[in-house]
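Colleague: Any chance you could fold what I've pasted below:
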Amino acid sequence: QLQLVESGGGLVQPGGSLRLSCAASGFTLDYYVIAWFRQAPGKEREGVSCISRSGDSTKYADSVKGRFTVSRDNAKNTVYLQMNSLKPEDTAVYYCAAAVNYYCSGYVEGVYDYWGQGTQVTVSS
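Modeller: From the prediction side, this is the model:
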């Protein structure tokens with residue numbers, strides 16, 4: 001079964017950190033661009049970050065730039081999203097998604113072939 005599985009979400013205080021993981025099973029991530037999306041209650045899903053196939057290129061939404069870092073370990077078939085200086089407005093369900101491509105071309109959801117089930121991140125005191 002081909003799937004992506006996110007983990008690492010949870011409850012954290014403002015200013016805290018979390019690291020999300022996106023692990024693939026049933027296929028190798030070597031040929032895929034990986035993007036992170038999030039969806040807050042009552043809002044549309046939005047793109048947060050993206051990493052190229054080789055990891056040499058990354059993109060970030062303005063709202064997370066300087067606080068979030070995306071990385072990948074193709075040997076472990078896993079992509080990570082390190083989230084620092086978290087704010088209450090970062091509260092959302094976070095999803096990873098995979099698209100066959102070399103470099104990130106944006107956050108059009110239809111481009112992405114595989115999606116994870118999501119992991120909840122709650123930032124609250």
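Colleague: quick one: contacts for the residue nearest the centre of the chain?
Modeller: In the chain, the residue lying closest to the centroid (Cα atoms, centre = their mean) is Trp36, at 2.6 Å. By Cβ atoms under 8 Å, 6 or more residues apart in numbering, the contact set of Trp36 is Leu20, Cys22, Gly47, Val48, Ser49, Cys50, Val70, Leu81, Tyr94, Tyr95, Cys96, Ala97. Placement of C-beta: from N, CA and C, glycine included.
Colleague: What number of residues are in the vicinity of the residue nearest to Gly47 when sequence neighbours are not counted?
Modeller: Excluding the flanking residues, the one nearest Gly47 by Cβ to Cβ, 6 or more residues apart in numbering is Tyr107, at 2.7 Å. Residues near Tyr107, counting by other Cβ atoms under 10 Å, number 19.
Colleague: For Ala35, see how far away Tyr107 is.
Modeller: 6 Å (Cβ to Cβ, to the nearest Å).
Colleague: what touches both of the two?
Modeller: Common contacts of Tyr107 and Ala35, defined by Cβ under 8 Å, 6+ apart, comprise Gly47, Cys50.
Colleague: Give the bridge partners for the closest residue to Gly9 other than its chain neighbours, please.
Modeller: Residue nearest to Gly9 in three dimensions, not counting chain neighbours: Thr119, with 3.4 Å by Cβ to Cβ, 6+ apart. Assessed by DSSP bridges, Thr119 has beta-bridge partners Tyr94.
Colleague: on that earlier part again, A helix includes the residue nearest to the centre of the chain, no?
Modeller: No: the assignment for Trp36 by DSSP: H, G, I helix; E, B strand; the rest coil gives strand, which leaves it out of any helix.
Colleague: What separation is there between it and Ser125?
Modeller: Plainly put, Trp36 is 24 Å away from Ser125 if you go by Cβ to Cβ.
Colleague: do Thr28 as well
Modeller: 41 Å.
Colleague: and if you look at Ala35?
Modeller: Applying Cβ to Cβ, the value for Ala35 to Ser125 is 30 Å.
Colleague: And for Thr58?
Modeller: Noted for Thr58: a distance of 30 Å to Ser125, by Cβ to Cβ.
Colleague: Nothing else from me, thank you.
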